[in-house]
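S.K.: What would the 3D arrangement of this be:
(chains A and B)
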Amino acid sequence: MFKILHAEFLAPGIKRFLIEAPRIARKQKPGQFVIVRIYEEGERIPLTIENSDPQQGTVSLVVQSLGKTTTLLNSMGTGDHILDVVGPLGKPSEIKQFGTVVVMGGGVGTAMAYPTAAALKQAGNRIISIVGARNQELVILEREMRGVSDVLMITTDDGSYADKGFVTDKLRQLIQNGVRIDLVLAVGPIPMMKAVADMTRAEHIRTLVSLNPIMIDGTGMCGGCRVLVDNKSQFACVDGPEFDAHEVNFEVLVQRNRAYRNQEQQSLAEYRREHESQVESREAEANGVCAGQGVKQ
Amino acid sequence: MTAPTKPSLNPVPIKDRMKLPRQHMPEQAAELRATNYTEVNLGYSEELARQEALRCIECAKPACVRDCPVGVKVAEFVKLIVAGDFLGAAAKIREDNVLPAITGRVCPQEDHCEGGCLMGKKVKPLGIGYLERFVADYEQRMGVRSLPAVAPTGKKVAVVGSGPSGLTVAGDLVQRGHKVRVFEALHELGGVLTYGIPEFRLPKQIIREQLDYMRAMGVEFETDVVVGRTVAIDELLQEEGYDAVFIGTGAGLPVFMNIPGEHLNGVYSANEFLTRINLMKAYKFPTYDEPMLDLHGRDVAVIGGGNTALDAIRSALRLGARKAYVLYRRSETEMPARAEEVKHAREEGIEFHTLVNPVEFLPDGDGWLSAVRCLRMELGEPDASGRRRPVPVAGSEFEIPLSVAVIAIGTSANPIVQSTTPGLGTDKRGYIQASPETQRTSRKGVFAGGDIVTGSATVILAMGAGRRAAQSIHDYLTTGDW
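M.R.: Alright, predicted model coming up:
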């Protein structure tokens, strides 16, 4: 059992949890994730680690309500317990001096990009961050990202905050302005990561994406999270989650993430029917409806 | 001068024992069990067990004991059954085997104790597995736990993985007074016994009972710890005060076929298919949240001919599959699955297609599997495994319409522990190198056994490695010699 020490909404449908997990806190490195199971009948899902505090023995997770499990998790609060939290899983991000790194976070993907951005900054890189969201309310971790970036650019799809447009618009501007870019890290919805990959492929800019396929054990045992990279099977949980964006087959990723869509919708609908009043009050608390970003985060 | 022999308690004259028929294991009717998840074999009654035990011809040098990887004193426990002392028989097995209710169900006895049984040369061998299962279940029903009292040695051992090898090490060492803590990566204990072997062959309740027994003996368990990620082997030794570590992380990454279409939805590894069902209880969706494709009215095939393949396809049948096929590239003679499992599967309606090799998974146009294209094979010269190599028959391509395909062709080494433990020797396939006698690795105080050393094998062979490791760890802890 893992205790929730603190929980707060960062945006409508996006919640940050501070969890007591001393073993994970001690070992976590940027780019890694955890798998959680909330209760006995629950499924196992991968979640982003935003950061950790080895002294306090805590890790901070950022969760977006999308399916039943994330919706249920986001109804939990301070003092509640999560049945299982296992990690840190996946290969850590490669941290070294690359030069100028563009870190791109789309929606809740910003939470996954943040610790890597911080470590890359620490390693002496110049960090240009581009954070995008559908609207002002859904822009998360702005202050944190500003703290680790030499330049921070923000886009919203509807123009309700900062610049109207997509994160790729900003990347295109950087490229057109002749800014030397040594590495791009993009974490967010699959269409965003694919758009970034297409743009940088033509420019021969090394680009990494962090993938989030359907996963069960997270230790390489089941092979459910296999992705097609350079036309070969790779397991996101042990070979990733970061991969060379130019080699990832995003169509296969989209197709495989769709496999259980009917069952996922059925679970969520049943959960909502059973907990309608609860869901409504929680949404009122969060001041809005949850955002669909197309990632199973 | 010969040693005085104890008079036999068996009233049947030796010459008549071979005439007694082997007692059948009662089982659920095939048409009924194909639709449920309840255990296939129902177990001997006391009367059946006694009848079967009477068949033992009490060899002077029992090959059954010699051929048991953990050295269960078969001849002695069978005598105790003849005498009616079922609890004594259970205690006798426990001297060498900490998981008798499990091995009594899943051990390939035909390759070990029953394979060595002298009676097998003339008639059917003694039903040793059935008898082991009977006394283990009897002991559980009686609620008796014979817990040996031992003085603590003050030594601490970490066991990585709670599968058959790890549990054996833990059970053996705790009975010698060492403090043992078992680390498990998943949320449930038992390793392959839990995520791999289905309920209808090994009920989870049996595993829980064995684990309770181990807890009562003093073994500690910690789940949700991926050793190598959550904590390193060196941290266990240097910072957490363990005097020795046993690595029993088991069969690793599933092997795929590297043929076109393997990424289509509906194509699974056996590990994923079985994990969804056994560990995550996806067959109880939506009561359990983990989803599973609805197999009702769909055609499913498993590729491979081992016990895992049969576990997968028999599970698919129970989940409502219309047609359930085994596709195997060699002939039935080479099939590694246990004969009993093949027989059970066939009775339940599984169709076996041998000398068939898939070459491509075909899509339906929307990302889902619609068929598998296969080649017919014929047997050529023997290969490295000693079995005749399957060779494709030219122009023999054909297609089988399918909704789901499960790939059960083996595993490769999981690298997590090896890559995070400096100085731990591995072979060229990435498995951990350990002495076959002592299970010692290249790192002082670190032992390894089971599938992470040998590659995929059986529960009992992993337990055999666990026994040797426990002895060797005990020697190391008491002498300090490496």
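S.K.: contacting residues around A:Pro213?
M.R.: A:Pro213 makes contact with A:Gly224, A:Cys225, A:Arg226, A:Val227, A:Ala236, A:Leu253, A:Arg256, A:Asn257, according to Cβ atoms under 8 Å, 6 or more residues apart in numbering or on different chains. Every C-beta, even on glycine, is put in place using the N, C-alpha and C of the backbone.
S.K.: what sits opposite A:Ile154 in the beta ladder?
M.R.: Legend: beta-bridge partners of A:Ile154 under DSSP bridges are A:Val131.
S.K.: quick revisit: quick one: which of the contacts of A:Pro213 has the most company?
M.R.: A:Ala236 (28 neighbours; other Cβ atoms under 10 Å in any protein chain shown).
S.K.: Let's test this: mean pLDDT of the helix or strand in which A:Ser52 is found, rounded?
M.R.: Using DSSP states H and E, A:Ser52 maps to strand A:45-53. Averaging pLDDT along strand A:45-53 yields 94.
S.K.: circling back: return the closest of the contacts of A:Pro213 with respect to B:Gly166.
M.R.: For the contacts of A:Pro213, the closest approach to B:Gly166 (Cβ to Cβ) belongs to A:Gly224, at 24.0 Å.
S.K.: picking up where we left off before, which ones among the contacts of A:Pro213 lie within helices?
M.R.: A:Leu253, A:Arg256, A:Asn257 (DSSP state H).
S.K.: Output those of those residues also counted as contacts of chain B.
M.R.: A:Arg256 (Cβ under 8 Å from any Cβ of the partner chain).
S.K.: Reformat the ones in helices among the contacts of A:Pro213 as JSON lines; add pLDDT.
M.R.: Rendered in JSON lines, the data for the ones in helices among the contacts of A:Pro213 read as follows (pLDDT from 0 to 100):
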{"residue": "A:Leu253", "pLDDT": "95"}
{"residue": "A:Arg256", "pLDDT": "93"}
{"residue": "A:Asn257", "pLDDT": "92"}
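S.K.: between the ones in helices among the contacts of A:Pro213, which is nearest chain B?
M.R.: Set against chain B, the nearest of the ones in helices among the contacts of A:Pro213 by Cβ to the nearest Cβ is A:Arg256 (6.3 Å).
S.K.: which residues does that closest one contact?
M.R.: By Cβ under 8 Å, 6+ apart, the contact set of A:Arg256 is A:Pro213, A:Ile214, A:Arg226, A:Val227, B:His263, B:Asn265, B:Gly367.
S.K.: What is the nearest of these to B:Gly218?
M.R.: Closest approach between the contacts of A:Arg256 and B:Gly218, by Cβ to Cβ: A:Ile214, at 39.4 Å.
S.K.: need the contact list for the closest one.
M.R.: Contact partners of A:Ile214, counting by Cβ under 8 Å, 6+ apart, are A:Gly224, A:Cys225, A:Arg256, A:Asn257, A:Ala259, A:Tyr260, A:Lys296.
S.K.: sorry, back to before: of the contacts of A:Arg256, which belong to helices?
M.R.: Going by DSSP H, the helices hold none of the contacts of A:Arg256.
S.K.: Distance to B:Val70 for the contacts of A:Pro213 - can I get that in TSV?
M.R.: Converted to TSV, the contacts of A:Pro213 look like this (distance: Cβ to Cβ, whole Å):
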residue	distance to B:Val70
A:Gly224	34
A:Cys225	36
A:Arg226	36
A:Val227	41
A:Ala236	38
A:Leu253	46
A:Arg256	42
A:Asn257	45
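S.K.: closest to B:Pro164 among the residues you listed?
M.R.: Checking the contacts of A:Pro213 against B:Pro164 with Cβ to Cβ, the nearest one is A:Gly224 at 23.8 Å.
S.K.: Looks like the closest one contacts A:Ile216 (just checking).
M.R.: Yes: A:Gly224 is within contact range of A:Ile216, at 5.1 Å (criterion: Cβ atoms under 8 Å).
S.K.: Could you tell me which residues touch both of the two?
M.R.: B:Glu272.
S.K.: ok, which stretches of the stretch 251-400 of chain B are helices?
M.R.: For the stretch 251-400 of chain B, the helices defined by DSSP state H, counting those that start in this stretch occupy B:270-274, B:307-318, B:339-348.
S.K.: Chain A is nearest to which of the ones you listed?
M.R.: With Cβ to the nearest Cβ, the closest approach to chain A among the helices of the stretch 251-400 of chain B belongs to helix B:270-274: 3.9 Å.
S.K.: That closest one vs chain A: in contact?
M.R.: Yes: for helix B:270-274 and chain A, the contact criterion (Cβ under 8 Å from any Cβ) is met by B:Asn271, B:Glu272.
S.K.: Any residues of the stretch 351-482 of chain B in contact with chain A? List them.
M.R.: The stretch 351-482 of chain B has residues B:Gly367, B:Asn414, B:Pro415, B:Ile416 near chain A, with proximity defined as Cβ under 8 Å from any Cβ.
S.K.: Now do B:Cys56 against B:Val74, distance only.
M.R.: Noted for B:Cys56: a distance of 9 Å to B:Val74, by Cβ to Cβ, to the nearest Å.
S.K.: Look at the two and report which has more neighbours.
M.R.: Applying other Cβ under 10 Å to B:Cys56 and B:Val74 shows that B:Val74 carries more neighbours, namely 29 against 26.
S.K.: Hmm, B:Arg22 and B:Arg55 touching each other?
M.R.: Yes: using Cβ under 8 Å, B:Arg55 is in contact with B:Arg22, at 7.0 Å.
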